[in-house]
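# When you get a sec, could you give me coordinates for this:
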Amino acid sequence: MSVYYHVYAEVNVGGKWYSLSPYFKISSDSPKTGAIFWAQSAFWEVGNELQRHAHWGIPDDMSEGLRELFHENLDEPVCSWNGKAWRDHYNHYLYYVNFAHAIVSRVNRDRPFMYEGYVTKKELAAFECYELEEFSEWLTEDEYAALTDKQKRQYVFHRWNDPYGEYWIYSELARTIWTLCNLFQRICDYDIQEMWDGIDDSQVRVYVLTS
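Below is the predicted model of the structure:
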């Protein structure tokens, strides 16, 4: 049975938490807060690593925007979970980490890609169409320079990550949250005076809900 991982984020400004996750109002009766990232089995290793830094369950100071995602009465029994309360359910399936400590520390901000080198044009075409998960070979700058002019025409320089590899996931999470923080600051800086000094990575909390 597949496990789904949905990721949400919130930021603390002036002692109050605000949701960074996109909010949509499909109709007057169905507002929806979206996950900033979701995955299945590819997230397993990253999830295990994040859990080493995690706190479990719903904190008392969770932002209103995210709190609306979860059952209102945490002490009410979950019908399909042996009568245990929702609080116990979330203590088992929801955890959160500090963005700076657990995610940013795994990413080189100036290097979004782990690998760079020369790959064959044929394999690159297949890789970009998701028909190939990894290159059978790739050349360094020195190895490429040693080729004949005819051989060089078969290769092209490329930067990449393993599709859905750990570095790709960490990078996607970090860059998505940095973008959301920038948007939040741009939109709300006149409404929240404490934000004028900017948002530090340590002010962000990242949640992972498994299902």
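
# what's the neighbour count on the nearest residue to residue 34 once chain neighbours are set aside?
Nearest non-adjacent residue to residue 34, counting by CB to CB, 6 or more residues apart in numbering: residue 22, 4.4 Å away. C-beta coordinates here come from the backbone N, C-alpha and C atoms, glycine included. Residues near residue 22, counting by other CB atoms under 10 Å, number 14.

# just residue 111 next, same as before
11.

# Checking the residue nearest the centre of the chain next. Helix, strand or coil?
Nearest residue to the geometric centre of the chain (CA atoms, centre = their mean): residue 173, 2.6 Å. The three-state assignment at residue 173 reads helix, by DSSP: H, G, I helix; E, B strand; the rest coil.

# Which stretches in the chain count as strands?
5-13, 16-19, 23-25, 31-33, 37-39, 55-56, 94-98, 115-120, 155-160, 204-210 (DSSP state E).

# Can you tell me the strand partners of the second one and which way each runs?
On the basis of DSSP bridges, the sheet neighbours of strand 16-19 come out as strand 5-13 (antiparallel).

# Which stretches in this protein count as helices?
Using DSSP state H, the helices assigned to the chain run over residues 44-51, 64-67, 86-93, 99-102, 121-128, 141-145, 149-152, 166-188.

# Format those as CSV; extra columns: mean pLDDT and distance to residue 37.
Below are these laid out as CSV (pLDDT from 0 to 100; distance: least, CB to CB, whole Å):
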stretch, mean pLDDT, distance to residue 37
helix 44-51, 95, 10
helix 64-67, 92, 14
helix 86-93, 93, 17
helix 99-102, 96, 13
helix 121-128, 92, 21
helix 141-145, 95, 34
helix 149-152, 94, 39
helix 166-188, 92, 6
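
# okay, these in CSV with distance to residue 108 next?
Shown next, in CSV, are the helices of the chain (distance: least, CB to CB, whole Å):
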stretch, distance to residue 108
helix 44-51, 16
helix 64-67, 29
helix 86-93, 31
helix 99-102, 14
helix 121-128, 22
helix 141-145, 19
helix 149-152, 29
helix 166-188, 9
